[in-house]
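1. from the sequence below, what's the structure:
(one chain, ligands or ions: 1)
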Amino acid sequence: MIKKMIKQWFHDRFDVEGLKKPLEKQLTKPLPQHISWFHTLGSMSLFLFVSQVLTGMLLLFYYRPTVDEAFESVKYIMTVANKGWLYRQIHAWGANLMIAIVFLHMLRTFVTGSFKRPRELTWVVGVLLFIMTCIFGFTGYLLPWNQLAYWATTVGTEVAGAVPFIGEFTKTMLRGGSSVGGETLSRFFVCHVILLPWALFFLILFHLFLVRYQGMSTMEAVGEEKEDKDPKEAVPFFPDHVLKEGVVWFFMMGLLVTLSVLSPFDLGEKADPLSTPHAIKPEWYFLPLYHVLKYFPKLVGIFVVSLAPAFLILWPFFDRSKERHPLKRPISITIGILVILSLLFFGILGYVSESKQTIFGKVYEFDIYGIPHQVLNHPSS
Ligand code: HEM
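-> Now for the predicted structure:
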């Protein structure tokens, strides 16, 4: 009865039938047959974005972005606030997972040649989303105002300062002064909780609009994609694909809680600008590029590293072959594999550099470039 009255109320005021049609069209849109679990990585990224916004809002009830209170407020969230520890851990794990999942989604669209004509713009917007997700991580890392964060930000902004012509200006803009301090914290806070979330929100909307408007790519070569898919060959968006997405959303939720409980992030010690810790390193996702910078004179290094994002954005305009199937694109797939191997190689070198590791019972000291030197006469050697 009430349901009928509500329905009538809306029918009297809006053209409900007219509004239903485009919605139904979107829901029943057929997807290509090769759609697999890999095609849920995009919606997994979306899930993580929503989770970050929600947990971020909960953290904001208690977080205070000042040098005197930031560290203490995060400590309060972790020890006193109701379920605060869980929200902080889900937020921290969510940030790391989001970078990994967005990267894997990018890899999927690379392997299936989805970035090719007519979807070049979807790729370009995607790369901007990836870069912004990394900046999200960089700005959020400073907010707890602990030693690691303080020094990683000092080093990170120093790297920005070495860029020719605009470097000094960028560094001062980021820091809000000559060194990392209260001004930097305010700036990073505004970027992290206002500018980036809104920018990402509108970019994601545009990205999804493009995906829906142009339809998902098939494995056919450019220009040979069939406009009207045979209903017998297509997969309906609803309920088939939506169900798959629901499954991965639940899986992601479970993973976030499990990681938060079993492997929580430490808060560490409060930032102390007067005591520089040994071996400052950025977060794992910046580690490969940061390590590459060590091998080159500063200016050349920055040039090499800033070429990487430019190359990524422009990739659809370099790889102009018509084939989408990975087996028919040996050159671009080989380039992709080499890039992934180099990221892993430099990432691992960056991770072990300036540390002591025991390998097969022998102790090695890795220097700043990641070269191992055996420690003789070590008690465990
Ligand atoms: C916050 C980040 C992102 C979100 C929320 C997102 C979301 C999505 C969703 C839901 C889809 C459709 C389903 C799927 O293919 O998984 C999609 C498709 C696509 N995305 Fe993303 N995406 C993001 C980042 C990226 C990045 C970094 C790239 C590449 C640089 C990218 C390139 C593409 C392309 C080319 C398609 C079309 C795929 C096809 O037609 O087969 N996206 N995205």
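2. how about the helices in the chain?
-> Secondary structure of the chain (DSSP state H): helices at 2-13, 16-27, 41-60, 70-79, 84-111, 120-142, 147-161, 167-175, 182-190, 196-214, 242-262, 287-293, 298-318, 330-352.
3. what parts of the stretch 201-350 of the chain come near the ligand?
-> Counting by C-beta under 6 Å from any ligand atom, the stretch 201-350 of the chain comes close to the ligand at I204, H207, L208, V211, M216, S217. Placement of C-beta: from N, CA and C, glycine included.
4. out of the residues you listed, which are buried?
-> I204, H207, V211, M216, S217 (16 or more other C-beta atoms under 10 Å).
5. could you pull up the contacting residues of the closest residue to the second one other than its chain neighbours?
-> Excluding its sequence neighbours, the residue lying closest to H207 (C-beta to C-beta, 6 or more residues apart in numbering) is V125, at 4.8 Å. Under the criterion of C-beta atoms under 8 Å, 6 or more residues apart in numbering, the contact partners of V125 comprise L203, F206, H207, L210.
6. I figured the last one hits V124, correct?
-> No - contact between L210 and V124 fails when scored by C-beta atoms under 8 Å: they sit 9.9 Å apart.
7. buried stuff in stretch 344-361?
-> Within stretch 344-361, the residues that count as buried by 16+ other C-beta under 10 Å are F346, G347, L349, G350, Y351, V352, S353, E354.
8. give the contact list for the first one.
-> Meaning F346. Counting by C-beta under 8 Å, 6+ apart, F346 has contacts L287, P288, L289, H291, V292.
9. check contacts around the last one.
-> If I follow you right, that is V292. With contacts defined as C-beta under 8 Å, 6+ apart, V292 is in contact with G301, V304, V305, F346.
10. ok, back up a step: what is the nearest of the contacts of F346 to C134?
-> L289 (10.0 Å; C-beta to C-beta).
11. pLDDT score for the closest residue to that closest one other than its chain neighbours?
-> Leaving out its chain neighbours, the residue that sits closest to L289 by C-beta to C-beta, 6+ apart is V305, at 5.0 Å. Confidence at V305, expressed as pLDDT, is 79.
12. my read: V305 touches P288, true?
-> No - contact criterion C-beta under 8 Å: V305 and P288 do not qualify, at 9.7 Å.
13. who in the stretch 51-200 of the chain is up against the ligand?
-> Neighbours of the ligand within the stretch 51-200 of the chain, by C-beta under 6 Å from any ligand atom: 102, 105-106, 109, 112, 114-115, 119, 122-123, 126-127, 129-130, 133.
14. need the contact list for the residue most central in space within the chain.
-> The centroid of the chain falls nearest to I99 when counting by C-alpha atoms, centre = their mean (2.4 Å). For I99, the contacting residues are T133, C134, G137, Y285, by C-beta under 8 Å, 6+ apart.
15. same list (those) but as CSV, adding pLDDT and neighbour count.
-> What follows is those, written out as CSV (pLDDT from 0 to 100; neighbours: other C-beta atoms under 10 Å):
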residue, pLDDT, neighbour count
T133, 98, 22
C134, 97, 19
G137, 97, 19
Y285, 96, 19
